[in-house]
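K.L.:
Sequence and predicted model, in that order:
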Amino acid sequence: MDLKAYAGHKRVCIIGHKGYIGSTLYNVLKMAGINVTIFDDLNINSCRDVEEVFLPSTRKGAKKFDVIFWLASADLSSIPSNMKEKDIDALIRERGVNCDSLLYLYKALKGQTPTIVFTSSTNVYGDIPHQIVSEDTIENPQTLWQAHKILSENYINTLFPNSICLRIPNIYGIMPYRNKEVYGANSHDTSIPKEQLLNTNTYFRPVVNRIIRLGIENQKLTLYKNKLCFRDYLHIYDLINALVLAGLQKSTEKRYYTLGCGSRSTIEDVWNIIAEYLGSIPIEYNDKALSDMETRSFTSDYTQFKDLTGWNPKYTLRFGIKESIEQIKKVLNDSTF
């Protein structure tokens, strides 16, 4: 991961640094000695809060940034199509965070043109008739959350001339902290606090990380009807590398790109790989499908982003799971980690 282009002169802001992706990106940049401004307390009821990041500390003018990583998101993707009144109220608030807040960002920038890197989702493709998704795949949102993601992309592309949206698949893994090869020989020896890593709402929210933890703790895993549906799983290292490269782009022919490994794996494949390293672990089967979205299968074609930046995923699923098991064991067992 080459962070030389950021060192010394790149003024970076991360909106949404407390989540799984944001906190990982923040630590990577900080460990490389890069000055990062962070903001995460985006009030779901008041999107104007985002303007606070850019308020001038003096009367010379608003704060200026070269790159803004917009990772904030209110995830209500599980709300069904047959919504109840409380679901609608939640979606109105979610739209505020995912969409309306971008208008306040535009207002706060006051004509500045930093590179905006926005994380979207391959879920915007919805229920697709074919199994490989790319930038040429027509979006087919099945939920309002997915529709809001597309709306957010349109806001980004319309309001900000230097912007890039990354449609990301299932992410997993924990970065190998204190790794000089990743962060550089002069990186600071810092790490995410153990209590933060153990937060089930961040680092153990991704399904692969959650399954690994179940395996390590010898807890029972429930496999649902979607166990044979395949997905594209991308390691967090490869995503952070993609974000870093995206932040170096000033203008692109396309404004959104699809990420992935280009390989297909089922939840059962994931579990079998984990079991190879951890031994036999109890499983129960449930014929229930979690949702219509959970029964689809897809693989990402990342060719266009590769052509733009030279990005290539480093981690195979097997290698990524093996390293993730080692990292998660450290988190769970090492009191000094």
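P.N.:
Nice, thanks for sending it over.

K.L.:
Please report the distance of Asp100 from Leu278.
P.N.:
To Leu278, Asp100 is 45 Å away according to C-beta to C-beta, to the nearest Å. No exception for glycine: its C-beta is placed from N, CA and C like everyone else's.

K.L.:
do Leu144 as well
P.N.:
39 Å.

K.L.:
Give me the more crowded residue out of those two.
P.N.:
Leu144 (20 against 16; other C-beta atoms under 10 Å).

K.L.:
Test my guess that the more buried one contacts Leu91.
P.N.:
Yes - using C-beta atoms under 8 Å, Leu144 is in contact with Leu91, at 5.2 Å.

K.L.:
all helices for the protein, in order.
P.N.:
Under the criterion DSSP state H, the chain contains helices at 20-31, 85-95, 101-109, 144-159, 180-183, 194-197, 207-216, 236-246, 267-278, 303-309, 317-333.

K.L.:
Centre of the chain to the longest one, how far?
P.N.:
Meaning helix 317-333. 19 Å (C-alpha atoms, centre = their mean, to the nearest Å).

K.L.:
do the same with stretch 215-232
P.N.:
Remark: stretch 215-232 is offset 21 Å from the chain centroid, using C-alpha atoms, centre = their mean.

K.L.:
now swap in stretch 247-265 and tell me
P.N.:
13 Å.

K.L.:
start to end distance for it?
P.N.:
29 Å (C-alpha to C-alpha, to the nearest Å).

K.L.:
Same question for that stretch: list its buried residues.
P.N.:
By neighbour count on 16 or more other C-beta atoms under 10 Å, the buried set for stretch 247-265 is 247-249, 252, 255-262, 264-265.

K.L.:
cool, and stretch 320-332?
P.N.:
Buried residues in stretch 320-332 (16+ other C-beta under 10 Å): Gly320, Ile321, Lys322, Glu323, Ser324, Ile325, Gln327, Ile328, Lys330, Val331.

K.L.:
Got the phi and psi for the nearest residue to the fifth one once chain neighbours are set aside?
P.N.:
Meaning Ser324. Residue nearest to Ser324 in three dimensions, not counting chain neighbours: Gly173, with 4.6 Å by C-beta to C-beta, 6 or more residues apart in numbering. Phi and psi for Gly173, reported as degrees, to the nearest 10, are phi 100, psi 170.

K.L.:
do you know how far Gly173 is from His235?
P.N.:
In terms of C-beta to C-beta, Gly173 sits 4 Å off from His235.

K.L.:
Now do the shared contacts for these two.
P.N.:
Tyr315, Gly320, Ser324 (C-beta atoms under 8 Å, 6 or more residues apart in numbering).

K.L.:
Considering the residues you listed, which member attains the minimum pLDDT?
P.N.:
Lowest pLDDT within those is found at Ser324 (90).

K.L.:
List the contacts of that one.
P.N.:
By C-beta under 8 Å, 6+ apart, the residues touching Ser324 are Tyr172, Gly173, Ile174, Val208, Asn209, Ile212, His235.

K.L.:
is it true that the first one touches Asn209?
P.N.:
Yes - with contact taken as C-beta under 8 Å, Tyr172 and Asn209 are classed as touching, separated by 5.5 Å.

K.L.:
The residue lying closest to Ile38 once chain neighbours are set aside: neighbour count?
P.N.:
What sits nearest to Ile38 in space, not counting adjacent residues and going by C-beta to C-beta, 6+ apart, is His17, at 4.2 Å. His17 has 22 neighbours, counted by other C-beta under 10 Å.

K.L.:
how close does His17 get to Leu166?
P.N.:
His17 is 17 Å from Leu166, by C-beta to C-beta.

K.L.:
quick one: contacts of stretch 269-287?
P.N.:
In contact with stretch 269-287 (C-beta under 8 Å, 6+ apart) are residues 207-208, 211-212, 214-216, 218-225, 227, 230, 233, 317-318, 321-322, 325.

K.L.:
Please produce a PyMOL select command covering the buried subset of these.
P.N.:
The buried subset of those, as determined by 16+ other C-beta under 10 Å, is captured in PyMOL by this line:
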select buried, resi 208+211+212+214+215+216+221+223+224+227+230+233+317+321+322+325
